[in-house]
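Enquirer: okay, sequence plus prediction incoming.
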Amino acid sequence: MGLCHCCLKETEQDFCRACSKALFGGSRFSATLDFDIPQLAFAKDGTVKRISISGAQTKFSVKVENKKLINTDRGGTHILKPTLLPYYENYQDAPANEHVTMLMARVLFKIPTAISALLYFKNGDPVYITKRFDVIETGEHTGKRLSQSDFAQIAGLVPEINGSDYKYKGISYEGIATLIRENVSAADVAIEIFFRTVLFNYLVCNGDAHAKNFSLRNSVENPDVYDLTPAYDLLNTSLHIPHEQSRTALDLFKDEDDFKTPFYEANGFYGSPDFMEFAKRIGVVEKRAARFIKQAIDAVPAMEEMLDKSFLSEQGKAKYKESIRDRAKALGL
């Protein structure tokens, strides 16, 4: 009996029936692909077939066809993300890192996320797969894409004007919350999800949750109605960049240059008082914010149990556990 490469529950095959349906529409897949990166990445004319390169990680667009994943320029339904470049620490753990982090967010923290899994190329190298959430799956609009904009776009941030660090320096998490209230009809619900996601990112040491890693998408029924997309690109960046300059990709507060909580002034990092102030500013009810913070701290044992089941290396598991214990301690001070 092995573990499902999506939900990590025991199953006789690589994917349990529920995850096969959710991830691949019911087709039973092996966790080992029948191709390697070169076969996937290069077209017949020698050009690289990819949808983007973000930093050190290439993303490939694929779709399910005849019960197989094939590379595609159009109509992609899934995204493949191989390992990081080898100058990053624990670079081979990147796919398993993102998979287990996304799973923890969805299962333990009830944060809406893109469904994902851990696969292997033919040569044994790990690869992360996630199902696109901007593709309509049913009804008369099946196959069409929803309009989606990240918060760098919504805020009008571009490298030509705001510099190469535009997605990190041009806006704060409080600023994103303001834009959510301006653009989302069910803003109170979206704001609470956003708060929980920012808190989760802090707990799991995701130092890359920048403005482009939060997005809005329109409704199928009403193109003028927008909501938060499911969370994506969640991972513990401290496994690969152990000495990150900042604990968060963005400042919590709009006026962080002029304002710091007494806790931050005393300790030099965010704690519960900072997240309570953040909640107050963006409109999360105080009692609910306090409960979310307590739940995050109390979730560490369940997170460690899930890490033990994950496809991370033993070193990766140990580093991940150490990092979340440290963040939980900071939140509990």
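Expert: On my side now, so go ahead.

Enquirer: lowest average confidence, helix or strand, in this structure?
Expert: Counting by mean pLDDT, DSSP states H and E, the chain has its least confident helix or strand at strand 52-54, which shows a mean of 41.

Enquirer: break this structure down into its domains, please.
Expert: 2-131, 142-331 (the TED database).

Enquirer: as TSV, these with mean neighbour count would be great.
Expert: In this view, the C-beta of every residue, glycine as well, is placed from N, C-alpha and C. Formatted as TSV, the domains of the chain follow (neighbours: other Cβ atoms under 10 Å):
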stretch	mean neighbour count
domain 2-131	17
domain 142-331	17
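
Enquirer: among those domains, which gets the worst mean confidence?
Expert: The stretch with the lowest mean pLDDT among those is domain 2-131, at a mean of 86.

Enquirer: quick one: end-to-end distance for that one.
Expert: This stretch, domain 2-131, spans 23 Å end to end (Cα to Cα, to the nearest Å).

Enquirer: how distant is that domain from the center of its chain?
Expert: Centroid separation between domain 2-131 and its chain, computed with Cα atoms, centre = their mean, to the nearest Å, is 14 Å.

Enquirer: with stretch 254-263 instead?
Expert: When distances are taken as Cα atoms, centre = their mean, stretch 254-263 is centred 27 Å away from the chain's centroid.

Enquirer: what's in contact with that stretch?
Expert: Residues outside stretch 254-263 that contact it (Cβ atoms under 8 Å, 6 or more residues apart in numbering): 172, 174-175, 178, 253, 270-274, 277, 333.

Enquirer: check those and tell me the two furthest apart.
Expert: Spanning the widest gap among those are 178 and 333, at 28.3 Å by Cβ to Cβ.

Enquirer: quick one, helices of the stretch 1-150 of the chain?
Expert: Secondary structure of the stretch 1-150 of the chain (DSSP state H, counting those that start in this stretch): helices located at 17-24, 37-41, 94-107.

Enquirer: name the helices or strands packed onto the last one?
Expert: It stands for helix 94-107. Applying 3 or more Cβ pairs under 8 Å, 6 or more residues apart in numbering; DSSP states H and E, we find helix 94-107 packed against strand 78-81, strand 116-120, strand 126-131, helix 300-309, helix 314-332.

Enquirer: now with 7 Å?
Expert: Helices and strands touching helix 94-107, by 3 or more Cβ pairs under 7 Å, 6 or more residues apart in numbering; DSSP states H and E, are strand 116-120, strand 126-131, helix 300-309.

Enquirer: run me through the strand neighbours of the second one, direction for each.
Expert: Here strand 126-131 is paired, per DSSP bridges, with strand 78-81 (antiparallel), strand 116-120 (antiparallel).

Enquirer: can I get those strands in CSV with distance to residue 70?
Expert: Output for these, formatted as CSV (distance: least, Cβ to Cβ, whole Å):
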stretch, distance to residue 70
strand 78-81, 10
strand 116-120, 14
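
Enquirer: between these, which one is nearest to residue 7?
Expert: strand 116-120 (8.6 Å).

Enquirer: what does the closest one rub up against?
Expert: With Cβ atoms under 7 Å, 6 or more residues apart in numbering as the test, strand 116-120 has contacts from 5-6, 23, 31-33, 95-96, 99, 102, 126-130, 311.
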